[in-house]
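# 3D model of this:
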Amino acid sequence: MDIKLVVFDLDGTLIGAKRPFTEIKEELKRKLEAMGIPKDTSGELTPMYEGLIKLSKRTKWPFEELYSILVELEVKRMEESYPFPGAREVLEFLRKRGIKLALMTRSSRKATVKALKMHSLEDYFDIILTRDDVPPEELKPSSKHLRRILEEINAAPEKTIFVGDHGYDVLPAKELGALSVLVTGHQTGRMSFQIEAEADFEVENLVQLKKLFERLLSTYVVVPAYNEEKTIGRVLEELLRYFKKDEVIVVNDGSRDKTEEIARSYGVHVLTHLVNRGLGGALGTGFAYAIRKNAKLVLTFDADGQHLIEDALRVMKPVAEGKADFAVGSRLKGDTSEMPFIKKFGNFVLDAVTALFAGKYISDSQSGLRCLSGECLRKIRITCDRYAVSSEIIIEASKAGCKIVEVPIKAVYTEYSMKKGTNVLEGVKIALNLLLDKLR
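Okay, here's the model as predicted:
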């Protein structure tokens, strides 16, 4: 993937501390009470920083005086902080890959700098933006906090990943169109409240985070294309939002139109068959190239425009996280409102035939949107040149012991895409080919 910038949260993501924020909040209330501000006046103070701003306005007490207490407590807490296992390793890995690193935190600058210096982490970051560096209204979860970093680094949101442990880290990324990773297993350093937000990827800890980045940074996209001059340009534009040019492999399967010329104009890697070999032949060529490049993840994406890039990222998720070896994007588990009945019926028949040989039922065996780990892909032997390859891949993966999961997707059917792919006659051929091939 084309990752230019990784933005990290601090507390609960890179470092933890013995004292939870719930204790800090209670001590803050006690100190305020000692100053003459009763607990029923101070209120919940959730979040604490914004709570002190409101308290200052209600009581006319100088905010700087109230805020200095919170900063003092934060700094004292950081004296007992520690980096989570794998923190330095993942930062070192990303730096060696030439990726810019930023730190975006709701902690005070004084507490942030203390923690970073204590654990020798400050030199990894190109920019550090703390709570004190932005106006209160721009503090995360406001996307303006993240936007300042993107503008400073000159990074596009689609080329950026935000790593955090809280919904407050996911929300600004989603609003700007950046990707997000949620670290779920760190029990110390978490904020005293939770916000539900779905991240693009999830990992339990920073050791797994490094493995996630290793996979993402070694992902190749195989795009089989036969006479797709009408759609190939738009498809590549979408893919290049998130993937590098040399990671996108267009297999021009003997096209007689301008498919190859258009694909090459985008700077992606184009492999050309002199004659049309069919979907199986095109995927086989693309897979072989990806394997030679030591791909850790391989995504397949149709050239006719029926897939959404957002769905592609969702299909990648379980394989990138290491929770599956093979993910199939299922149109039958997603929004089927645009899927014609004849397509649904044909798919059902082919799914049943596929399940017969695979020993596993996949609701959309003919889906062109799929993601495989490099390890699983190396176990697959493709013999079918035509559309039967979609079933063959599932059968081969299942027999090889690859863990297969399904991810709901939406297929975008247009008059153009309806003319492509499988029809009833093609479906009969696929079923017969599978029966003949697998019974030999």
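
# from here on, contacts and neighbour counts on C-alpha atoms
Will do.

# Look at A197 and tell me its secondary structure.
Under DSSP: H, G, I helix; E, B strand; the rest coil, A197 falls in the coil class.

# Enumerate every residue touching it.
If you count contacts by Cα atoms under 8 Å, 6 or more residues apart in numbering, A197 has them with 167, 170-171.

# so where's this structure uncertain?
188-194, 334-347, 413-440 (pLDDT under 70).

# center of it - which residue?
Nearest to the mean C-alpha position of the chain, counting by Cα atoms, centre = their mean, stands D200 at 4.0 Å.

# Please name the nearest non-neighbouring residue to that one.
Distances taken as Cα to Cα, 6 or more residues apart in numbering place S180 nearest to D200, at 5.3 Å, with adjacent residues excluded.

# For S108, give me its contacts.
Taking Cα under 8 Å, 6+ apart, one finds 71, 74, 130-132 in contact with S108.

# Now do the phi/psi pair for it.
Dihedral angles of S108 (phi, psi; degrees, to the nearest 10) stand at phi -70, psi 160.

# Next one: the residue nearest to the centre of the chain from R88, what distance?
Relative to R88, D200 is positioned 23 Å away (Cα to Cα, to the nearest Å).

# and what of E80?
From E80 across to R88, the span is 18 Å (Cα to Cα).

# Isn't T231 up against D304?
Yes: proximity of T231 to D304 meets the contact threshold set by Cα atoms under 8 Å, at 5.6 Å.

# The two: which is more packed in?
Shown here are T231 and D304; by other Cα atoms under 10 Å, D304 has more neighbours (27 against 18).

# Which strand or helix spans that one?
Under DSSP states H and E, no helix or strand contains D304.

# Which parts of stretch 9-21 count as buried, going by neighbours?
9-17, 19-21 (16 or more other Cα atoms under 10 Å).

# picking up where we left off before, E80 and R88: which is more packed in?
R88 (16 against 13).

# List phi and psi for the more buried one.
According to degrees, to the nearest 10, R88 has phi -70, psi -40.

# How about K39?
Dihedral pair for K39: phi -60, psi -40, per degrees, to the nearest 10.

# got the contact list for it?
Applying Cα under 8 Å, 6+ apart, the residues near K39 are 29-30, 32-33.

# go again using 7 Å as the cut-off
The contact partners of K39, taken as Cα atoms under 7 Å, 6 or more residues apart in numbering, are 29, 33.

# all numbers from here: first residue = 610
In the new count, where the first residue is 610, that last one comes out as K648.

# And it, how far from E701?
45 Å.
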